[in-house]
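Trainee: sequence below, structure please.
(2 chains)
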Amino acid sequence: MKSLPMPTGKDIRHALLTGLWFMFLTFPLLVIKVDPTEQTVTWRWANLLWVGGASAAVALTCRLLAAHRAARAERLRRMPDQASPHFPKPPLLFRPERLLPLSAIAMLFFLAFPLVFSTYQVNIMTTALMYVILGLGLNIVVGFAGLLDLGYVAFYAVGAYAYGLLHLHFDLGFWVALPIGGLLGALFGILLGFPVLRLRGDYLAIVTLGFGEIIRLILENWGAFSQGPSGIADIPRPGLFGLDMTLDQSLIYQYYLTIAMALATVFVVNRLRHSRIGRAWFALREDEIACQAMGIDKTAIKLTAFALGAAWAGMAGVLFAAKTTFINPASFTFLESAIILCIVVLGGMGSITGVVLAALILMLLPEYLRALAEYRMLVFGAVLVIMMIVRPRGLMSPPRQTYSPSR
Amino acid sequence: MEYFLELLFSGLTRGAIYALIALGYTMVYGIIGLINFAHGEMYMIGAFTALIVSSVLSIYGLPLPAILILAALAAAIWAGAYGFTVERLAYRPLRGAPRLAPLISAIGMSIFLQNYVLLAQTSDFVPFPSLVPEFAFLEPYGAIVDSSGLTILAVSALVMTALTLLIKFTRTGKAMRATAQDRKMALLIGINVDRIISLTFVTGSALAAVGGLLIASHIGQINFAIGFIAGIKAFTAAVLGGIGSIPGAVLGSFVLGLTEAFATGYVSSDYEDVFAFSLLVLILIFRPAGLLGKAAAEKV
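Mentor: Modelled structure (predicted):
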C-alpha cells in the first residue's frame, strides 16, 4: 500500500468549498439556539468552525483516497499480469474450507461467553442473539423470496403479546407459549399475506409498514385487550423442570436457550434454502413471471414465505417477553422493523453467515458505542449510510448456488 | 352540519399538508425509484429553520407578514440545501447498487438527521409562534374555519399550481419528465440527469419545508421526531394515489386527510392512524397500483 498522493491545489480548493458549504448548511441549526418562551438567542459560533474544519478534512481525505484508488486501478490496467484473476478469491476468512474451523471457534467463544464475561455482557449478547433469530426470519421473506417487508416487528409483537396474555389469563408457561407464539405469528403472516398477494415491490413495502403500525396502534389503544400503553408486567422467565434459579443463573440459562434457538434457526433456514420451497423462493425473487412459467404456485410460495418468516418472529417475541419480563407497545415501533431490515441488507440478502454477523455487529455496536453517550444514534445512522456506500451488496453476498444434475 | 363543515375543513387542511410532503416523495420516486425515508426529516428541518429564523427576526422587531415570508424562504432554502446534500452523500454513490441499498442508506440518513437536530437543538417539544395573522373577515365563521388553516389551503394551492406549471411548461420540467420516463434515454438526448435529480431533491425538500412551517404554526409546537410520522403518512398518501404520479399524490393526500378527519370526528380519535392504514390496504387490494397509478403491464 503506497502512501496517499500529495494534495494538489484543486483538491484543496474542493475541500475548502466543501467546508464552506457545510458551514452554510449547518448555520441555523447548529449555531443559533433560540428560546421562544424567553425570547433569547444564543449564538454558538465555535460550532461553525468545527463543522467547517471537520468537513473540509473529511472531504480532502475522501478525495485523496479516491485518487489513490483510481491510480492503482490504472496501474493494474496497464500491467495485466499483475491484475487479479477473473474470479478473485474471497478474503481469507470467507473461504468455504475455513468455514468449519471458524464456526467451531465461534461456537466455543459463544459457549464460554458467560463463564468469562459479566451478567451484563451476557444480557447484551442474549439480545444480540435474539436479533440473529429475527434477522434470519426476515431473511426468509426479504432475502430469499424478495418480498420487501417493513412491518416485520408486528409478528414479533404478536409473539410477545401471545406469551404475555396467555400467562395473564390462563397462567401458561414459556414452553407452552413458545410454539403457540410461533403458530400465531405464522397465522398473522398468512393474514397479512393474503391481501398483499397482488402487490409488488414498494406497494408491498408500504402495506406491510401499515400493517405493523396497525398492530402496534391496536395494542396501544385497545386497553381492555392488551392493557394499553402500560403494557404487561411480571411475565415469568423460562423455567427448567421447575428448578429454582437465582436471577443470574436464570439469565445465563436464557442465554444458552437463545443460543440453542439461534442454532436451530440457522439449521432450519439453511435446510430450507436448499429445499424445493427455497429454490422456488429464489426463483420468485429473481423473476416472478419466469417463476410462474416454471409451474411454481406463486400464491402458495409467497404465503409460505410470509408464514415461515413470521413464525420465527413470533417465537423470538415469546423469547423477548420472557427475557424482559415486561412488554408494552413502545418496543414494537417501525424503527425496530427498520433495524431488522438493516441486518438483512447489511448482511447480504440471503446470506446466512452475513445476517448472523450483521446482527451481532448492529446490535453490539450501539451497546459499545455507549462511550459516545448521546452521539450514539447519530453515529449509528452515519454507520448505516457509510456501510451501504462501502459495501452496497452487504457484508457477504452469497454466490449463486449451483446444483449438479447428477446426484 | 356545522360539525360536518368543521371536519371537512380540517380534513382539507390535513390533506394539503400531506400533499406538500407527498409531492416530494412521489417526484423522487418517479425519477430514481427510491423511497426517500429521509424526506420527512426535510419537513422537520424546515420547521426548525423557520422557528429559528422567525424567533431571531421577531427579536429585531420585524412585522408579522415580513417574518412569515422570510421564515418560509429560509426554511425552503435550507431544507433544499439539506435535500441536495443528502442526495449527494447518501444516494448518488449508490446509483446502480441493489435496490435495497439506497433504502437502508435513507433509513440511516433519517436516523442521523433526527439525532443531529436533537443534539443541535433540543429533545423537548418547542413552542412554535403563530406566524399567521388572524383575519378579521373570518370572524363569523370562526367555529369552522381558522385563518392558519385557510392560509395552509391557499399557500398549498399556490405552490401546487406553480409546481404544475414548472413541470408542464418549462424546459426543466420537460427534462424532469423525460428523466422519470427513461433515465438512459434522457442521458442520450443530452439532459444532465445528475442535475435534474439534484433539482428534484431540492424542489421536493423545499415543498416539504413550507409544509413544515405551515403545520408547525398551525399546531403550535415541534420537536425533532415530527418528521417521521408525517413522512410515513405522506408516503401512504403518495402510494394511495399511485406513486410516481403527481396528481395522484395530491388526490391521495386529500383522500387520506378527509378520511382521517371524518374518522376521528365521528368514530374515535385513538384509531386515527389505524383508519389511515386500513384505507390504504383496502384501496390497494382493489387497485394495486393506487388510485391514479397505471397498472403497468409487464413485458417479458
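
Trainee: could you use CA atoms for every contact and neighbour count after this?
Mentor: Will do.

Trainee: dihedrals phi and psi, residue A:33?
Mentor: Torsion angles at residue A:33 (phi, psi; degrees, to the nearest 10) stand at phi -130, psi 120.

Trainee: tell me the SS of the nearest residue to it once chain neighbours are set aside?
Mentor: The spatially closest residue to residue A:33, leaving aside those adjacent along the chain, is residue A:42, at 5.1 Å (CA to CA, 6 or more residues apart in numbering or on different chains). With DSSP: H, G, I helix; E, B strand; the rest coil as the basis, the three-state label of residue A:42 is strand.

Trainee: state the distance from residue A:42 to residue B:8.
Mentor: Separation of residue A:42 from residue B:8 (CA to CA, to the nearest Å): 42 Å.

Trainee: neighbour-wise, which of these two wins?
Mentor: Between residue A:42 and residue B:8, counted using other CA atoms under 10 Å in any protein chain shown, the more crowded position is residue B:8 (20 against 11).

Trainee: any residue of the helix ranked longest in chain B up close to chain A?
Mentor: Using DSSP state H, we find that the single longest helix of chain B is helix B:2-32. No. Contact of helix B:2-32 with chain A is not found when judged by CA under 8 Å from any CA of the partner chain; the minimum separation is 10.0 Å.

Trainee: so which elements touch that helix?
Mentor: helix B:39-59, helix B:147-169, helix B:171-181, helix B:193-219, helix B:226-241, helix B:246-266 (3 or more CA pairs under 8 Å, 6 or more residues apart in numbering or on different chains; DSSP states H and E).

Trainee: helix B:193-219 and the fifth one, what's the angle between them?
Mentor: Computed by axes from the mean of the first three to the mean of the last three CA atoms, to 10 degrees, the angle separating helix B:226-241 from helix B:193-219 equals 110 degrees.

Trainee: so is helix B:226-241 next to chain A?
Mentor: Yes. Applying CA under 8 Å from any CA, one finds helix B:226-241 touching chain A at B:235, B:236, B:239.

Trainee: can you lay out the residues you listed as a markdown table showing neighbour count?
Mentor: Listed next are the residues of helix B:226-241 next to chain A as a markdown table, based on neighbours: other CA atoms under 10 Å in any protein chain shown:
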| residue | neighbour count |
| --- | --- |
| B:235 | 30 |
| B:236 | 30 |
| B:239 | 32 |
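
Trainee: shaky segments in the stretch 1-150 of chain A?
Mentor: When residues are selected by pLDDT under 70, those of the stretch 1-150 of chain A lie in A:1-4, A:80-98.

Trainee: what sits against the residue in it that chain B sits nearest to?
Mentor: Ranked by CA to the nearest CA, the top residue of the stretch 1-150 of chain A for proximity to chain B is residue A:30, at 5.1 Å. Neighbour list for residue A:30: A:44, A:47, A:48, B:120, B:121 [criterion: CA atoms under 8 Å, 6 or more residues apart in numbering or on different chains].

Trainee: what's the angle between the helix or strand in which residue B:81 is found and helix B:193-219?
Mentor: Assigned by DSSP states H and E, residue B:81 belongs to helix B:64-86. The directions of helix B:64-86 and helix B:193-219 differ by 140 degrees, with the same axes, to 10 degrees as the criterion.

Trainee: follow-up on the earlier one: which of the residues of helix B:226-241 next to chain A sits closest to residue A:169?
Mentor: Closest approach between the residues of helix B:226-241 next to chain A and residue A:169, by CA to CA: residue B:236, at 36.8 Å.

Trainee: if we can go back for a sec, redo the residues of helix B:226-241 next to chain A as TSV? Include pLDDT.
Mentor: Shown next, in TSV, are the residues of helix B:226-241 next to chain A (pLDDT from 0 to 100):
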residue	pLDDT
B:235	87
B:236	87
B:239	86
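
Trainee: distance to residue B:29 added to the residues you listed, as JSON lines?
Mentor: Shown next, in JSON lines, are the residues of helix B:226-241 next to chain A (distance: CA to CA, whole Å):
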{"residue": "B:235", "distance to residue B:29": "10"}
{"residue": "B:236", "distance to residue B:29": "13"}
{"residue": "B:239", "distance to residue B:29": "10"}
